[in-house]
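Novice: Using only what follows, build the 3D model:
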Amino acid sequence: MTAQEDEEEEVIEEIVVTGSRATIQNSIEVKRNSDQIVEALSADDIGDIPALSIGEALETLTSAASHREQGGATEISIRGMGPFLGSTTLNGREATNGSGDRSVNFSQFPSELFNKLQIYKTQSASLIEGGVSGQISLSTLKPLDYGKRRIQSDVKFNRNPDNSNINIAETDIGRRLTVSYIDQFDLDDGNKFGLSLGVQSNTTTNPEQEYRSSSGYRDCRADPAVSGGLYRSSSGNCDSGSGNLNLVVDPSTGVAPDANAPFIFVPSSRSYRQNITDDERESFFAALQYQSSGGTDLSFDFQISDRDFSEVRNDLVFAEHRRMTSGLTADSYVFDADGSIGSFTNEGRVETHSQYQERLESYVGGGVSLIQPVNDRLELSFDLSYSDTSRREHILQTRLQSEDNDIYGNDVPADTDRPRAWYTLRGSPSSVMLVRIRNFDVTNHDLFADSARTRIDLNQARDNSITAFRGDFDYDLDAGTLTSLKGGLRYSNLTYTSFPRVRDQRTFADDAIAGASEACRNETFPESGFLSEPANGETLITNVDDNGNVISSGTGDTWATFDPLCLVREFVGVLPPWPSPQPSVQNVDVEEGTLAGYLQAGYETQFVGRPVRGNFGVRLVSTDVDSTGLRTIFTTTRNEDDTITVNEDSGSFNEVVGGSRYTELLPSFTMVMDWSDDVLVRGGVFRGLSRPDPADLGFGRSLTVDDDDATSIADLVGTANASGNPDLLPLTSWNLDFAVEWYPNEDSIFAVGTYYKRFLGGYENAQRVENFNIDGQDFPAAVTTSRTDEEESTLTGIEMTLAHSFNYLPGLLSGLGTKISLNLANSDFEFEDQNFGSSQVLNEAGNVVSARVGIVPPANLFGFSERVVSTQLYYDIGKVDLQLIYKNRTEYFQQFISSPGIIRYVGDNEVLEARATYKLTNKISFRLEAINLFDEPKTQFIPVRGYLTELNSYGPRMFLGFRVKM
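Specialist: Okay, here's the model as predicted:
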């Protein structure tokens, strides 16, 4: 080449794409190259996942939506299906949690230490089973794959606007410090060693405002023609005596006695709660990687995360909402046919609850993996892993109650310990309950002068661990259509133990209250503007005199509060030790062993003249479940009148073991066709399974025996409550996916997919007979549990993804880009409420002999939302990267872990998030982030839609920080 030709040679400029545009580019590339239907969020650098948490990041992927706690994303639902129907892996391995289900608490892990998140929506035989809705894959960076040295520090400061309303200065600023180090070293003989370390310290303070009711609802008859329930003849609880409904079908008539009776659903109390949350998390991640010149790849990774979550709660409780006053309260009730109440009048006690609560959760996980090439075509791999989560939750709570005199013995204006109150639950501009109370100033500490009680609780004690080993081979075939053959074996052992609440309860004389009240009262309410947004300008509490005139003192949105730790010290003398876990019939002790083997072949061929690739295979899964339960020992005593009395020794137990065994064959097939250079057609068929949550597999039973007039054990009548059912089988399904994807360029995608899922079985409530032991004799008692039925149901859906960069526009407009995701789903799955839904009554042989009529419509799948939307708008040009994210999810059914049979709905929610990044240099950048900008409250409804049981207002969360790379 001559000098002139060299000068004339065209100079090619390399454009390096970074920021939001680069992340979306990487995600598009992963999706396009995959043999499966997959969504991905991938970043080249550690810490570049554009979100404050793993949950928030996953929500930006098509069809993914989160359940939110403390204003942030926690567990994830995919395609309108809850975490029960999905699975999550961390570096290809199952991960534990402290909730008792099979989801992962994403708030336990720092997003800054991950660089790739994926959701596999179709299953291949090589993937761990369980991902009917999808399998979430979280990956940390491998140091040798990264290929360069990096020392990086991220510092973020947290300032929530609602913190300015809190009267505690030290809760104002939070911090989040992340430091990571990645390096590679060349060893002798061409060997290499890589090291990756990451540590994070996170401390935030989050105020929270709540309206709530107790979750244990009762049904009460509301028929004025029948004495009892709402129209009882004497004052008392509406569900006592004959007040609740008889909904069991009479075999002689085929009709339940109260099938058409009007009714109301009533909780025991309703309350306002102001709390301040302190959240501290310390995390450490490490990865070591060794590669030999011969191709051996040995790696070790380790994760530890300790979270200390504490709350100071101040509750104003309006108690005794099941209490009816004869001749006064019944006619005041306004309610709908579904049992939900709009307004009512009540005479009941008013309480303050001062509570300190802490949750200590520790996660430890990691593993060793080896990849060993045998020759140019065969590769072997092995992986040994361990994951463990331990959770302990402690509560200190002191209650003070209204009395007909104050703490000094003076008469109170209400002249009663049960002041009359008028409650408006709906029909006003307010989204939360409004209260008019007669002659009771809720801000006057002196009026809470009765029934002092302190509870020292071990509220939760849960341990969950998984140990797993797998061995795989990958053989590169030279057989025409078949390109590869994979296979392997995997064994995992899951253990889950849960102890019920252990309570140390102490009560105190009324004359001890004055000193404690004076020493521990808060002179000002901890937070201003309490529930002002949900109340929409309405006054929460209005104090009125006998004539209905407003009394200014006690009218507003505040009440008397106390320092919870101070109250305990004053009443008890010291802060007492926490109770230890104790054996109980409610204990859950589950061990689950799973052996799985698979074969999977990859293929490449031509169909109608177009290239087609994919894989097909089969996975065989065998699972053994052993559940150990406890039974209280019962004996009898013969009375002088020849009747017997049953005695329960609550400190002695018999151990029983139950469980289930099942084997499932799970075939799978995926296909990707290159319809053209920029259009792909994808399809997948697989059979999947979703296992019951470990917490639902308990075998504990508590027995209640009616021994009135019994002269022998055969005369006794007993009912039992269950802590679970170890015989539960997995939910299996056939799944079909089809998608068309257009990739006009590396920044753009337009994909439309549809899916169909047919579930072979569901869960129903069944009352069956189990044998207990009394004086060495079998005693049959009825117990209601959830069981696997044979009903079929379906779920269908359509999803759409659109991403595009407007980089072709002139000038500053070239930085614009967008990504839009939509999922629409429909399902005929039915889940019955354990208390108010329909159920079967079984005999000892397991045959249906009767039924219970439901008064609550069934819910759909756990976590099912009909619509999920995620929209991103970004502006990425030069040193500036701006991002705005909108997420919307429709109402869904959210199970409780401790009582999964209760139907609870979480209302529609929408969230707006924003991020702004400015790169000062290639090594220094600044970032401003905000979530929950709409200040959208979380609403919950029990047991029917629209019947508000809890509203949580968190306020926006703001973070300002900087990053330094070296």
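Novice: got any ranges where this structure has weak pLDDT?
Specialist: Applying pLDDT under 70 to the chain flags residues 1-18, 43-50, 71, 168-172, 842-846, 897.
Novice: Just give me the longest helix of it.
Specialist: Criterion DSSP state H: the longest helix present in the chain is helix 19-33.
Novice: any idea which helix or strand comes after that helix?
Specialist: strand 38-42 (DSSP states H and E).
Novice: tilt between that following strand and helix 19-33?
Specialist: Inter-element angle recorded for strand 38-42 and helix 19-33: 150 degrees (by axes from the mean of the first three to the mean of the last three Cα atoms, to 10 degrees).
Novice: for strand 38-42, the distance to its chain's centre please.
Specialist: Remark: strand 38-42 is offset 22 Å from the chain centroid, using Cα atoms, centre = their mean, to the nearest Å.
Novice: just stretch 148-161 next, same as before
Specialist: Centre-to-centre, stretch 148-161 and its host chain are 27 Å apart (Cα atoms, centre = their mean).
Novice: Now that stretch - C-alpha only, CSV.
Specialist: Taking C-alpha atoms only, stretch 148-161 is exported to CSV below (Å, rounded to 0.1, in the frame of the first residue of the first chain):
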residue,chain,number,x,y,z
LYS,A,148,-10.1,-7.1,33.2
ARG,A,149,-9.2,-5.5,36.5
ARG,A,150,-11.8,-3.4,38.2
ILE,A,151,-12.0,-1.7,41.6
GLN,A,152,-15.3,0.1,42.0
SER,A,153,-17.1,2.0,44.7
ASP,A,154,-20.7,3.0,44.8
VAL,A,155,-22.0,5.4,47.4
LYS,A,156,-25.7,6.2,47.7
PHE,A,157,-27.5,8.4,50.2
ASN,A,158,-31.2,7.8,50.8
ARG,A,159,-33.6,10.7,51.6
ASN,A,160,-37.4,10.0,51.6
PRO,A,161,-39.7,13.0,51.5
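Novice: count of neighbours near residue 809?
Specialist: Residues within reach of residue 809, counting by other Cβ atoms under 10 Å, total 11. All C-beta atoms are positioned from the backbone trio N, CA, C, and that covers glycine.
Novice: what's near enough to touch the closest residue in space to residue 386 that isn't next to it in sequence?
Specialist: Ranked by Cβ to Cβ, 6 or more residues apart in numbering and with sequence neighbours excluded, the top spatial neighbour of residue 386 is residue 467, at 5.3 Å. Each residue near residue 467 by Cβ atoms under 8 Å, 6 or more residues apart in numbering is listed here: 385-386, 492-493.
Novice: Isn't residue 565 up against residue 575?
Specialist: Yes. Using Cβ atoms under 8 Å, residue 565 is in contact with residue 575, at 6.7 Å.
Novice: Between those two, tell me which one has more neighbours.
Specialist: In this comparison of residue 565 against residue 575, neighbours counted by other Cβ under 10 Å, the higher total goes to residue 565 at 15 against 12.
Novice: What's the separation between the residue nearest to residue 687 when sequence neighbours are not counted and residue 753?
Specialist: Among residues not flanking residue 687 along the chain, residue 666 sits closest, at 4.9 Å (Cβ to Cβ, 6+ apart). Distance, residue 666 to residue 753, by Cβ to Cβ, to the nearest Å: 21 Å.
Novice: Settle it for me: which of those two has more neighbours?
Specialist: Shown here are residue 666 and residue 753; by other Cβ under 10 Å, residue 753 has more neighbours (23 against 20).
Novice: Specify the beta-bridge partners of that one.
Specialist: residue 739, residue 799 (DSSP bridges).
Novice: For the residue nearest to residue 386, name its beta-bridge partners.
Specialist: Beta-bridge partners, per DSSP bridges, of residue 467: residue 386, residue 493.
Novice: what's the spacing between it and residue 690?
Specialist: Shown here: residue 467 relative to residue 690, a distance of 22 Å by Cβ to Cβ.
Novice: which residues of the stretch 151-300 of the chain fall in helices?
Specialist: With helices called from DSSP state H, counting those that start in this stretch, the stretch 151-300 of the chain shows none.
Novice: returning to that earlier point: okay, and the common contacts of residue 565 and residue 575?
Specialist: Shared contacts of residue 565 and residue 575, defined by Cβ under 8 Å, 6+ apart, comprise residue 396.
Novice: got the contact list for stretch 356-363?
Specialist: Contacts of stretch 356-363 (Cβ under 8 Å, 6+ apart): 95-96, 98, 105, 108-109, 303-313, 387-397, 459-460, 564-565.
Novice: and the residues you listed, which of them are in strands?
Specialist: Assigned to strands by DSSP state E, the following of the contacts of stretch 356-363 qualify: 303-313, 387-397, 459-460.
Novice: Filter those down to the buried ones.
Specialist: Burial by neighbour count, judged by 16 or more other Cβ atoms under 10 Å, picks out 303-307, 309, 311-313, 387-397, 459-460 from these.
Novice: just the strands in the stretch 351-500 of the chain please.
Specialist: Using DSSP state E, counting those that start in this stretch, the strands of the stretch 351-500 of the chain run over 378-402, 420-424, 434-438, 448-479, 482-499.
Novice: Could you dump the ones you listed into CSV and include distance to residue 763?
Specialist: As requested, the strands of the stretch 351-500 of the chain are exported to CSV (distance: least, Cβ to Cβ, whole Å):
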stretch, distance to residue 763
strand 378-402, 25
strand 420-424, 35
strand 434-438, 39
strand 448-479, 22
strand 482-499, 19
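Novice: So for residue 621, which of those sits nearest?
Specialist: Closest to residue 621 of the strands of the stretch 351-500 of the chain, according to Cβ to Cβ: strand 482-499, at 9.3 Å.
Novice: circling back to that earlier point, for residue 124, find the nearest of the strands of the stretch 351-500 of the chain.
Specialist: That would be strand 482-499 among the strands of the stretch 351-500 of the chain, by Cβ to Cβ, at 9.0 Å.
Novice: Show me which positions of that closest one end up buried.
Specialist: The neighbour-count check on strand 482-499 (16+ other Cβ under 10 Å) flags 483-488, 490, 492, 494-499 as buried.
Novice: ok, residue 102 - contacts?
Specialist: By Cβ under 8 Å, 6+ apart, the residues touching residue 102 are 83-84, 87, 130, 691, 693-694.
Novice: again, only using 7 Å
Specialist: By Cβ atoms under 7 Å, 6 or more residues apart in numbering, the contact list for residue 102 reads 83-84, 87, 130, 691, 693.
Novice: what's the answer for residue 326, then?
Specialist: Taking Cβ under 7 Å, 6+ apart, we find residue 326 in contact with 232-235.
Novice: Among those residues, which pair sits farthest apart?
Specialist: Across these, no pair lies farther apart than 233 and 235, at 9.3 Å, counting by Cβ to Cβ.
Novice: Who has more neighbours out of the two?
Specialist: Set residue 233 next to residue 235 and count neighbours by other Cβ under 10 Å: residue 235 wins out with 14 against 11.
Novice: I'd guessed the more buried one sits against residue 328; true?
Specialist: No. Residue 235 lies out of contact with residue 328 (Cβ atoms under 7 Å); the separation is 8.6 Å.
Novice: And the strands in the stretch 751-900 of the chain?
Specialist: With DSSP E, counting those that start in this stretch, the ranges of strands along the stretch 751-900 of the chain come out as 763-774, 777-788, 792-805, 816-827, 839-842, 848-852, 867-877, 880-889, 892-893.
Novice: Can I get those strands in JSON lines including distance to residue 262?
Specialist: Formatted as JSON lines, the strands of the stretch 751-900 of the chain follow (distance: least, Cβ to Cβ, whole Å):
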{"stretch": "strand 763-774", "distance to residue 262": "23"}
{"stretch": "strand 777-788", "distance to residue 262": "25"}
{"stretch": "strand 792-805", "distance to residue 262": "31"}
{"stretch": "strand 816-827", "distance to residue 262": "31"}
{"stretch": "strand 839-842", "distance to residue 262": "22"}
{"stretch": "strand 848-852", "distance to residue 262": "18"}
{"stretch": "strand 867-877", "distance to residue 262": "34"}
{"stretch": "strand 880-889", "distance to residue 262": "34"}
{"stretch": "strand 892-893", "distance to residue 262": "26"}
